[in-house]
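Q: Provide a 3D model corresponding to the input given below.
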Amino acid sequence: MQKDELIQLHTFLLQLKTHLEDIVENNGGIEFQPYTKLDVTPYQVYKSKREHKLAVFTLSKGIADLLSNNNCPGLEKISGRLNQMSGRFMTDKEKELIRV
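A: I've put the predicted structure just below:
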């Protein structure tokens, strides 16, 4: 996937996140804290492809967690797999940032 395509996907997922937060109970947004801590938005085109890829996986995991916490069963496995995928792209510094 090219970087510009990845940024488009990132933009779509961010819009989906905003829409879902409006229609479901989001428990204060705890599902999206790791994404927020990454501090990578689709509008930061100067960020690396790896950073956007990590943001996409982290944001997707947050969306899966939000839906699984709101009567959409079966997304726990998807959330776990997305967590594994995001772990592949994280540096040690990012892992520490998200844990804190």
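Q: Just the residues contacting stretch 87-94, thanks.
A: With contacts defined as C-beta atoms under 8 Å, 6 or more residues apart in numbering, stretch 87-94 is touched by 38, 50, 53-54, 57, 95, 98. Where C-beta positions appear, they are placed from N, C-alpha and C, glycine not excepted.
Q: In terms of pLDDT, where does the residue nearest to residue 60 when sequence neighbours are not counted sit?
A: Nearest non-adjacent residue to residue 60, counting by C-beta to C-beta, 6 or more residues apart in numbering: residue 82, 5.1 Å away. Note for residue 82: predicted pLDDT of 88.
Q: Could you check how far residue 82 is from residue 22?
A: Using C-beta to C-beta, to the nearest Å, residue 82 is found at 22 Å from residue 22.
Q: Comparing these two, which shows the higher neighbour count?
A: Under the neighbour definition other C-beta atoms under 10 Å, residue 82 and residue 22 were set side by side, and residue 82 has more, 21 against 8.
Q: Roughly how far does the more buried one sit from residue 45?
A: Taken as C-beta to C-beta, the span from residue 82 to residue 45 is 23 Å.
Q: picking that back up, name all residues that make contact with the residue nearest to residue 60.
A: Residue 82 touches 57-58, 60-61, 64, counting by C-beta under 8 Å, 6+ apart.
Q: What ranges does this structure have for its helices?
A: For the chain, applying DSSP state H gives helices covering 3-23, 33-38, 49-68, 76-89, 92-99.
Q: Out of the ones you listed, which is the most enclosed?
A: helix 49-68 (a mean of 22; mean count of other C-beta atoms under 10 Å).
Q: Give me the distance between it and the centre of its chain.
A: Distance of helix 49-68 from its chain centroid, counting by C-alpha atoms, centre = their mean, to the nearest Å, is 2 Å.
Q: That helix to helix 92-99, inter-axis angle?
A: In terms of direction (axes from the mean of the first three to the mean of the last three C-alpha atoms, to 10 degrees), helix 49-68 departs from helix 92-99 by 20 degrees.
Q: Go ahead and flag the most central residue of the chain.
A: residue 59 (1.1 Å; C-alpha atoms, centre = their mean).
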